[in-house]
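In: let me see the structure of the following:
(one chain, ligands or ions: 1)
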Amino acid sequence: MPPLEEDLFPSITGKIKIERNHNHTMNRAIHRCFTSTTTMFLWALLLIALTASYMSIQSFVDSGTRYLHHPRDHVIIGGPHWEKQIRSSAQIHRSHGLSVLVTGAAGFVGSHVALALKKRGDGVVGVDNFNDYYDPSLKNARRALLASHNVFIVQGDINDERVLAKLFDVVAFTHVMHLAAQAGVRYAMENPHSYVDSNIAGLVTLLEQCKSADPQPAVVWASSSSVYGLNDKAPFSESDRTDRPASLYAATKKAGEAITHTYNHIYGLSITGLRFFTVYGPWGRPDMAYFSFTQDIRHGKPITIFRGKNRVDLARDFTYIDDIVKGCVAALDTSGKSTGSGGKKRAAAPYRIYNLGNTAPVTVPTMVGLLERYLNKKAKRHVVSMPGNGDVPFTHANISLAQRELGYKPMTDLSTGLRKFVDWYESYYVDDHGKSVNY
Ligand SMILES: O=C(O)[C@H]1O[C@H](OP(=O)(O)OP(=O)(O)OC[C@H]2O[C@@H](n3ccc(=O)[nH]c3=O)[C@H](O)[C@@H]2O)[C@H](O)[C@@H](O)[C@H]1O
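Out: Numbers count the residues shown, from 1 in each chain. Coordinates of the predicted model:
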């Protein structure tokens, strides 16, 4: 039981006790009165401060005439000029055209898909964080190419919900083509957190935005052939096991498939996951083997070729970018609508996964031989056993599902595709006098 007030002031006589209590009561009353005035004053101050900051955040975010300053790179998001560029980029120029937000638009696949959509009259807005996983000047060159076709790329991160909210504020996207990711199988051992950051946290931030948007867009996104991991049943079919990833990259893509499933199940988002098989071609990724080998062969540097167990050559189902782009566009066109609104599902929405491969695996040494032919130069080959770094011995896509449902039909064999890549490489990295530029 708590002590009574008198018990707190024990005394030897009742009078003293009463006087002391009386004085004390007076003091307490004055003190209470004083503290309650001070408290009220402080509360009032706090209320004013909160209202002011709420109002400034609101006008910051809502008003087209205010700006979001991106702390990381000092890029300004918002304002009349910015919105005008977004609206112009999102303008649809054909009947029943789509309005597509392309994430990773300054990336390899993203820039190609954005351009293809724009060329057929769809509205396209890009978003990309322009990170330096590989040479950002290549990303800037892709940005310039897209800008010349009136595709605007916002410099922002998919983890930045304010940027996404602002974009959805300005444009009612019908589709999101989600191609932003931390790519690369082996780099996951060097920088594991970047994979969690982009492929898991970034994906969730984007899906949160999509589920709250009204209308909800349909989402098509890039999964990966790497989800088949240690699967050795070939060719790989969508129904095969994907529970044994061999790299963290693969694990984050597999997680993405599970995460998108929950957003489909709970919120009615239309989801299509595309498992890309080692995509290559012009404007490609310099971190990939065909690209870095080209650079090294051209500059007379040795290349390291990994070899599997029992000296078996590694093989990949290399898939040419134009075929991948057709698969992406077909996935957007057939995606079906999301069914939710106000964060609630109204009916079941499509959830689909497709392999986008070439169905013709080629060994890595054969790929190097093709590069030697097109570069007219011998590679200095350094063959080593495959280190335990997340690689798998081979990939091989079964594409019958994509063929049936998307009309997907790869048209470019590796020889033709690498020829086109080398032509582009030389136009981009070699000047008229045969000297290296942009390198
Ligand atoms: O399909 C995918 O989902 C993935 O495809 C791609 O991964 P990979 O198939 O591993 O392509 P890539 O690195 O070009 O190595 C090709 C081959 O060269 C071998 N390789 C590689 C480097 C080297 O120095 N030596 C070598 O032999 C290597 O062992 C391999 O056998 C994307 O990068 C990835 O982001 C993801 O999209």
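
In: residue 292 - how many residues pack around it?
Out: 16 (other CB atoms under 10 Å). Placement of C-beta: from N, CA and C, glycine included.

In: let's verify it: helix, strand, or coil?
Out: Secondary structure assignment for residue 292 (DSSP: H, G, I helix; E, B strand; the rest coil): helix.

In: wait, what's in contact with it?
Out: With contact set as CB atoms under 8 Å, 6 or more residues apart in numbering, residue 292 has these partners: 286, 303.

In: and the one helix or strand residue 193 maps to, average pLDDT?
Out: Using DSSP states H and E, residue 193 maps to helix 192-195. The predicted model gives helix 192-195 an average pLDDT of 98.

In: can you give the distance of whatever helix or strand comes next after that helix from its chain's centre?
Out: Once the chain leaves helix 192-195, the next helix or strand it forms, by DSSP H and E, is helix 203-212. Averaging C-alpha positions (CA atoms, centre = their mean, to the nearest Å) puts helix 203-212 11 Å from its chain's average.

In: mind saving the C-alpha coords of helix 203-212 as PDB?
Out: This file holds the C-alpha atoms of helix 203-212, laid out as PDB (Å, rounded to 0.1, in the frame of the first residue of the first chain):
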ATOM      1  CA  LEU A 203      12.000  -4.400 -53.500                       C
ATOM      2  CA  VAL A 204       9.800  -4.100 -50.400                       C
ATOM      3  CA  THR A 205       9.800  -0.300 -50.500                       C
ATOM      4  CA  LEU A 206       8.800  -0.400 -54.100                       C
ATOM      5  CA  LEU A 207       6.000  -3.000 -53.500                       C
ATOM      6  CA  GLU A 208       4.700  -0.900 -50.500                       C
ATOM      7  CA  GLN A 209       4.400   2.000 -52.900                       C
ATOM      8  CA  CYS A 210       2.700  -0.100 -55.600                       C
ATOM      9  CA  LYS A 211       0.200  -1.700 -53.200                       C
ATOM     10  CA  SER A 212      -0.900   1.800 -51.800                       C
END
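
In: who are the packing partners of the helix holding residue 193?
Out: Under the contact criterion of 3 or more CB pairs under 8 Å, 6 or more residues apart in numbering; DSSP states H and E, helix 192-195 touches helix 248-267.

In: quick one: the helix it packs on to helix 203-212, angle?
Out: With axes from the mean of the first three to the mean of the last three CA atoms, to 10 degrees as the basis, helix 248-267 and helix 203-212 are set at 20 degrees to each other.

In: what about the most centrally placed residue in the chain, helix or strand, and which?
Out: Against the mean C-alpha coordinate of the chain, by CA atoms, centre = their mean, the closest residue is residue 180 at 2.8 Å. With elements taken from DSSP H and E, nothing contains residue 180; it lies in neither a helix nor a strand.

In: tell me where the stretch 1-150 of the chain has helices.
Out: 14-62, 80-90, 108-119, 136-147 (DSSP state H, counting those that start in this stretch).

In: mean pLDDT lowest for which of those?
Out: What stands lowest among these, in mean pLDDT terms, is helix 14-62, with a mean of 49.

In: quick check: residue 401 touching residue 355?
Out: Yes: in this structure, residue 401 is within contact of residue 355 by CB atoms under 8 Å, at 7.0 Å.

In: domain parsing for the chain?
Out: For the chain, the structural domains run 6-61, 65-277+323-358+397-412, going by automatic domain parsing.
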